[in-house]
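Trainee: using only what follows, build the 3D model:
(chains A and B)
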Amino acid sequence: MGIKVGIPSALLYFYYYPLWEKFLQGLGVEIVLSGPTSRPIFARGVRLANDETCLPVKVFFGHVATLQQLEVDYIFLPRIVSMERQTYLCPKLLGFPEVVTALIPDLPPVLTADFNLRKDKRELDYTLQAVGRQLGFTLKQIAPAIAAAKLAQLRFEHLMQAGQDFTLALKGRGVESSAPESGLTIAVLGHAYMLYDGFSSLDLQSKLNKLGVKVVTPERVPPSLIDQQLAELPKKIFWSHSKRILGAGYAFGVDPGVHGLIHLSCFGCGPDSMVGDMVERMCRRYAKPFMMLTLDEHTGEAGLVTRLEAYVDMLTRRAELESNVSAHG
Amino acid sequence: MKVTFPHMGNMWIPVKALFDYLEIEFIVPPPNSKHTLSVGTQHSPEGACLPFKLNVGNLIDAAKLGADTFVMTGGVGPCRFGYYGELERQILHDLGIEMELIILEPPEGSLLGLAKRIKQAASHKPWIKILGAVRFAYRKAVAMDRIEDLVHWARPRAEQPLAIETIYRRAQTELNEANNSAAIEHVVKRTREQVLAVPRKQDFTPVKVGIVGEIYTLLDPFASLDIERHLGHLGVEVDRSIYLSGWINEHIFQGVNRAYKEVKQYKQLAHPFLAHSVGGHGQETVGGTVEFGRQEFAGVIHLLPLSCMPEIVAASILPNVGRQYNLPVMTLYIDEQSGQAGVLTRLEAFVDLINRRQSQPSCEREVRHEQIVFGG
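Mentor: So this is what the prediction gives:
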């Protein structure tokens, strides 16, 4: 029997899964996923995690606890410090291996390594080599797996940029045909682990689609445009994911094809509290409708639907009356 | 140029000394109060942490007093503090308050850039004068720390703890007014004499409690709801993981100076529990708790603003540290809704608990109470 590695389908899964998947598969390792977030997973997470931490971290704990029950040899719990030059991820993620092992007793062995690309891009190779060696593979076996993994990650990011649906992009499937665009377009800003996790975001995207709205997300914006949008800032944003959210927010804010912005945040998110406010300030300057949605484990679906309907009504009226309706929904 | 700097406990004393030495007009914002907090909360993002909201309140107040430039320290993450300055600038700008911002940090790692910013903040005074000012201000910071330590020692032992508060307040004023190194030394010496002259309780050994956590809530009595004073009056001798000069040394001088209490060793101590830096002072909190555990303190109180990212990591790990060192740890989250009375009740309960544990022989002490979290 080969080695079974469990990967929680939460948090950074939504950013880097294709990389991990192709890498581990290239080594012949079997991957066990905890599956899409569900109520039982969520309930487990809320029970185990620190009370005051944010929703995605609680969800993540639920996924780890779920993997604990599926016989796996390892749980993949990397410490991702930085995936890009001069940036960091959130502090909560930097302490992850210790926090998870401190709060969930009797975990299977943890497969971990520090991904720190802050200073040097080549660290990605070195770190993946370290992961492979922990599983008992030689550098010769690891090298092709790394190459394939990087390609898969690149393809995933390109597909997301092209506007492919998240689950299809994860499978590497290309965009078939884009339907002609009509009606409202709303940019939904937020972390990928909120946007694409149907349970955590209360299916925000499909709710908007049902209201006849086309949704665009930060993953649509190419990195070069994000850098260009943020070039004016006197101080660089040092969180990689928030940098994308802010840059995309600025880009959508000045895009006449985008009718309104929604910032999907979760209670207790530190970086969001800063960049979300900056996006809102920009929207006020350009009279672009902006709505802030803060979710936590107590958010009710009905309340969310009402707010979305009101927002979309407002945008529709604004489109008809040529911006004579207040922008602050 | 009229410079201001947001409050953080006694930080204003050395900062004012710095600018006075450079002969630059410095505006001390009115002390942190409910008013500061409510003004700050009104204009800050809802989810921002408490220190940010107080900062905004301070800056708005200082602008009313005529300040036109504000100086901040910075950082490149991952703690939110690194981005405070820029967002504060945007908030003030949108309020119609035009203030120049000087962030004292090497922009994109350039030390030359840092030097330029220091020169700018110092109105292009000669370097020798700037260095003199920094040395003088730092001396005041160290003196302040020594005085605070003295007060921590004296509060639980004094028959009349209020006498100590009077001495402390006088020492703050005198230290602020001291205009040369000899005068600084003199203030410390006289404060010690005055403290030692206060009558002490007979046959009384106070229990010791360590306070760890996020730097602002540790150093600012308004933010911490004055828990050091309350604990002192409950007969507890407190010690802190981080003192002002230790923070200045680490954050601004990159550890080249000698601080009153160094923070360097904490990373090493934290290593078995938290092997990587998590920004802010998360690792120092864990390391500080280990240190207090080793010194056999009776308990540790962990202070953090609600939603503080590095300290949430620490808060999740501290129960493990507490178990290993048989050390009760209480976590107190603080935000703009926190009330003094509620916190006081928790402190009393905590002090009762550790006093009971202390009176039992160590083999019978319950290990159950590793952590007491009284909700948010």
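
Trainee: the chain: strands as residue ranges?
Mentor: No chain was given, so I picked chain A. For chain A, strands defined by DSSP state E occupy the ranges A:4-7, A:30-33, A:74-76, A:79-82, A:110-111, A:114-116, A:184-189, A:213-216, A:260-266, A:290-295.

Trainee: try chain B instead
Mentor: Under DSSP E, chain B gives strands at B:2-4, B:25-27, B:69-73, B:100-104, B:207-213, B:236-240, B:299-305, B:329-334, B:371-372.

Trainee: nearest to residue A:53, out of the strands of chain A?
Mentor: For residue A:53, the closest of those is strand A:260-266, at 10.1 Å, according to CB to CB. The C-beta positions use only the backbone N, C-alpha and C, and glycine is treated the same way.

Trainee: report the angle between the closest one and strand A:290-295.
Mentor: 20 degrees (axes from the mean of the first three to the mean of the last three CA atoms, to 10 degrees).

Trainee: what's the burial count for residue A:68?
Mentor: 18 (other CB atoms under 10 Å in any protein chain shown).

Trainee: isn't it right next to residue A:105, touching?
Mentor: No: taking contacts as CB atoms under 8 Å, residue A:68 lies outside contact range of residue A:105: 9.5 Å.

Trainee: low-confidence stretches in the stretch 101-250 of chain A?
Mentor: Within the stretch 101-250 of chain A, the segments meeting pLDDT under 70 span A:177-181.

Trainee: can you lay out the strands of chain A as CSV showing distance to chain B and mean neighbour count?
Mentor: Output for the strands of chain A, formatted as CSV (distance: least, CB to the nearest CB, whole Å; neighbours: other CB atoms under 10 Å in any protein chain shown):
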stretch, distance to chain B, mean neighbour count
strand A:4-7, 21, 22
strand A:30-33, 24, 16
strand A:74-76, 17, 23
strand A:79-82, 6, 21
strand A:110-111, 12, 18
strand A:114-116, 6, 19
strand A:184-189, 14, 22
strand A:213-216, 23, 20
strand A:260-266, 7, 24
strand A:290-295, 7, 21
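
Trainee: contact partners for the nearest residue to residue B:263 once chain neighbours are set aside?
Mentor: Of all residues not flanking residue B:263 in the chain, residue B:246 sits nearest, at 4.6 Å (CB to CB, 6 or more residues apart in numbering or on different chains). By CB atoms under 8 Å, 6 or more residues apart in numbering or on different chains, the residues touching residue B:246 are B:145, B:259, B:260, B:261, B:262, B:263.

Trainee: and the nearest residue to the fifth one once chain neighbours are set aside, how far from residue B:266?
Mentor: Closest residue to residue B:262 in three dimensions, ignoring its sequence neighbours and counting by CB to CB, 6+ apart: residue B:246, at 6.0 Å. According to CB to CB, to the nearest Å, residue B:246 and residue B:266 sit 10 Å apart.

Trainee: how about residue A:82?
Mentor: Residue A:82 is 23 Å from residue B:266, by CB to CB.

Trainee: residue A:109: neighbour count?
Mentor: Counted with other CB under 10 Å, residue A:109 comes out at 10.

Trainee: typo on my end, it should be residue B:352
Mentor: Quick note: residue B:352 (other CB under 10 Å) scores 11 neighbours.

Trainee: what does residue B:95 give?
Mentor: That count, for residue B:95 with other CB under 10 Å as the rule, works out to 13.

Trainee: so who does it touch?
Mentor: Neighbouring residues of residue B:95 by CB under 8 Å, 6+ apart: B:43, B:60.

Trainee: who in the stretch 251-376 of chain B is up against chain A?
Mentor: B:273-280, B:282, B:306-310, B:312-317, B:319-320, B:333, B:373, B:375-376 (CB under 8 Å from any CB of the partner chain).

Trainee: those in helices, which ones?
Mentor: B:282, B:309, B:310, B:312, B:313, B:314, B:315, B:316, B:317, B:319, B:320 (DSSP state H).

Trainee: by neighbours, which of these wins?
Mentor: residue B:314 (34 neighbours).

Trainee: give me the pLDDT value at the spatially closest residue to that residue that is not a sequence neighbour.
Mentor: Leaving out its chain neighbours, the residue that sits closest to residue B:314 by CB to CB, 6+ apart is residue B:285, at 4.0 Å. Looking at residue B:285, its pLDDT is 96.

Trainee: how much space separates residue B:285 from residue B:321?
Mentor: 10 Å.

Trainee: what residues does the stretch 51-200 of chain B put near chain A?
Mentor: Residues of the stretch 51-200 of chain B lying near chain A (CB under 8 Å from any CB): B:74, B:76-80, B:82-83, B:85-87, B:89-91, B:94, B:101, B:103, B:107-108.

Trainee: 7 Å instead?
Mentor: Proximity of the stretch 51-200 of chain B to chain A, by CB under 7 Å from any CB of the partner chain, involves residues B:76, B:77, B:78, B:79, B:80, B:82, B:83, B:86, B:87, B:90, B:94, B:103.

Trainee: which of those residues scores worst on pLDDT?
Mentor: Among these, residue B:77 has the lowest pLDDT, at 76.

Trainee: quick one, what contacts the closest residue to it other than its chain neighbours?
Mentor: Counting by CB to CB, 6+ apart, residue A:238 is the residue found nearest to residue B:77 once chain neighbours are left out, at 3.5 Å. Applying CB atoms under 7 Å, 6 or more residues apart in numbering or on different chains, we find residue A:238 in contact with A:86, A:87, A:88, B:76, B:77, B:78, B:82.

Trainee: which ones among these map onto helices?
Mentor: Per DSSP H, the contacts of residue A:238 map to helices at residue B:82.

Trainee: and the residue nearest the centre of the chain?
Mentor: No chain specified, so I'll use chain A. With distances taken as CA atoms, centre = their mean, residue A:192 lies nearest the centre of chain A, 1.8 Å away.

Trainee: that's the other chain; I wanted chain B
Mentor: residue B:219 (1.8 Å).

Trainee: mind listing what that one touches?
Mentor: Applying CB under 7 Å, 6+ apart, the residues contacting residue B:219 are B:8, B:9, B:244.

Trainee: which one of the residues you listed has the most neighbours?
Mentor: residue B:244 leads the contacts of residue B:219 on contacts (other CB under 10 Å) with 27 neighbours.

Trainee: that one and residue B:142 touch, don't they?
Mentor: No: using CB atoms under 7 Å, residue B:244 makes no contact with residue B:142, being 8.5 Å away.

Trainee: measure residue B:226 to residue B:351 for me?
Mentor: For residue B:226 relative to residue B:351 (CB to CB), the value is 15 Å.

Trainee: more neighbours, the two?
Mentor: Comparing residue B:226 with residue B:351 by neighbour count (other CB under 10 Å), the higher total belongs to residue B:351, at 19 against 16.

Trainee: for chain A, just list every one of the helices.
Mentor: Under DSSP H, chain A gives helices at A:13-26, A:39-48, A:55-69, A:91-94, A:96-103, A:123-134, A:139-161, A:166-170, A:192-195, A:204-210, A:223-230, A:240-253, A:270-285, A:301-320.
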